[in-house]
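Q: Predicted structure and sequence below. I'll ask about it afterward.
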Amino acid sequence: MKRLTYLFLSLTLVVSCASGDDLPDQGEPTNDSIYFPPLNSDTWETKTVSELNWNEAQLQPLLDFLEEKNSKSFMILHEGKIVVEAYFEGHTSTSPWYWASAGKTLTTAITGIAQEEGLLTINDKVSDYIGTGWTSSPLDKENLITCKKLLSMNSGLDDGLGDDISVSNLQYLANAGDRWAYHNVYVKLQDVIAEASNQTWSNYFNSKLKDRIGMTGAWIQTGDFNVYWSTARSMARFGLLTYSDGKWENEQIIPETYLEDAINTSQNLNKSYGYMWWLNGKSTYKLPQSQIEFNGPLISNAPSDMYAALGKNDQKIYVVPSKKLVIIRMGNSANNENFGLSDFDNQLWLRINALIN
């Protein structure tokens, strides 16, 4: 067995904590009950599996499965406190890893912040901010593409031409709003925000989100794209921010109404997609590189109210309001290379359920 480090520590200063009976409760989280780690410290309060009346005998099988499936890091937060934190293959709490497309949700968050500041309106045309001719589409078709169409992946641009987002590769296939297709053209939102804010994407991101919730990490240029790299704990901070309705302690970071729209169905073409968040519990779903509509929920073993940021090679942020959980997985692909969703999600949730139920 490869070297494995994991953490599920007792919190001695807390005299009351959630019991297993608390977990099925529905309803929105309240900030009074949510723990937020300090901004300028890596200290993080914890709860134990036994305090939550979870099935402790199922913890090691879960960790063994994660190790077998090429994981680097795994975390479970309950109401913001760490219950499980595990690292594999020499990875540690200070090791950075890439978010891949799970980082799309960072762009979602920043877009909402920029709109709240009056820098943009998501119903405006993309060309209002970066000029016309950013695609190869006829002008009347390009002008149908709003910022919201990029958020919800229904730009109408041809998704079958590869990852290249040069002008020549952004070609018209259908009217914006008429076809859902997972497309890397979303990254143009970063150009919109840079133009609207009159600063670099990274600087705006750092000042409006990263620094305000104590994240570490950086955007690293990979081909045509900025890919975010950070520790698992920084990914967990962002998941916690989203779980807490966009608020960090008493400060509203992501506008609450906008975030509510982001984690609900954003268009009628793929019910399981919000603003770059994947949504469980819907009646149908579509997947990247396919126009097939599948029946049933996205991840059948996961709670119906779960929503997720999913990245290539199984980078995961799961947020489950009804269970008061944020769950992080980083690593290499669990099986074959994939675009984010895979059978690994269902198999992982089978083992998470055995632990928490």
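A: Good, I have the coordinates.
Q: Okay, Gly90 and Ser73: tell me how far apart.
A: Look at Gly90 and Ser73: by C-beta to C-beta, to the nearest Å, they are 11 Å apart. C-beta here means a position set from N, CA and C on the backbone, and glycine is covered the same way.
Q: who has more neighbours, these two?
A: Between Gly90 and Ser73, counted using other C-beta atoms under 10 Å, the more crowded position is Ser73 (25 against 10).
Q: For the closest residue to that one other than its chain neighbours, grab the count of nearby residues.
A: Of all residues not flanking Ser73 in the chain, Ala232 sits nearest, at 3.8 Å (C-beta to C-beta, 6 or more residues apart in numbering). Using other C-beta under 10 Å, Ala232 has 25 other residues around it.
Q: which residues of the stretch 251-357 of the chain score low on pLDDT?
A: 337-340 (pLDDT under 70).
Q: can you give me the strands in it?
A: Using DSSP state E, counting those that start in this stretch, the strands found in the stretch 251-357 of the chain span residues 251-252, 278-279, 284-285, 294-295, 307-311, 315-320, 325-331.
Q: Serialize those strands to JSON lines and add fields for distance to Ala236 and mean neighbour count.
A: Converted to JSON lines, the strands of the stretch 251-357 of the chain look like this (distance: least, C-beta to C-beta, whole Å; neighbours: other C-beta atoms under 10 Å):
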{"stretch": "strand 251-252", "distance to Ala236": "18", "mean neighbour count": "12"}
{"stretch": "strand 278-279", "distance to Ala236": "18", "mean neighbour count": "24"}
{"stretch": "strand 284-285", "distance to Ala236": "26", "mean neighbour count": "17"}
{"stretch": "strand 294-295", "distance to Ala236": "30", "mean neighbour count": "10"}
{"stretch": "strand 307-311", "distance to Ala236": "12", "mean neighbour count": "25"}
{"stretch": "strand 315-320", "distance to Ala236": "8", "mean neighbour count": "25"}
{"stretch": "strand 325-331", "distance to Ala236": "5", "mean neighbour count": "25"}
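Q: Adding distance to Asn53, write those strands out as a markdown table.
A: Formatted as a markdown table, the strands of the stretch 251-357 of the chain follow (distance: least, C-beta to C-beta, whole Å):
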| stretch | distance to Asn53 |
| --- | --- |
| strand 251-252 | 33 |
| strand 278-279 | 29 |
| strand 284-285 | 33 |
| strand 294-295 | 35 |
| strand 307-311 | 25 |
| strand 315-320 | 17 |
| strand 325-331 | 15 |
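Q: for the ones you listed, which one sits closest to Ile263?
A: With C-beta to C-beta, the closest approach to Ile263 among these belongs to strand 307-311: 4.8 Å.
Q: Give me the distance from the closest one to the chain's centre.
A: Here strand 307-311 is found 4 Å from its chain centre; the criterion is C-alpha atoms, centre = their mean, to the nearest Å.
Q: So which residues of the stretch 151-300 of the chain form helices?
A: Taking DSSP state H, counting those that start in this stretch as the criterion, the stretch 151-300 of the chain contains helices spanning 188-197, 201-205, 211-213, 232-243, 256-262.
Q: Deepest in the core, which of those helices is it.
A: Greatest average neighbour count among the helices of the stretch 151-300 of the chain goes to helix 232-243 (a mean of 24), per mean count of other C-beta atoms under 10 Å.
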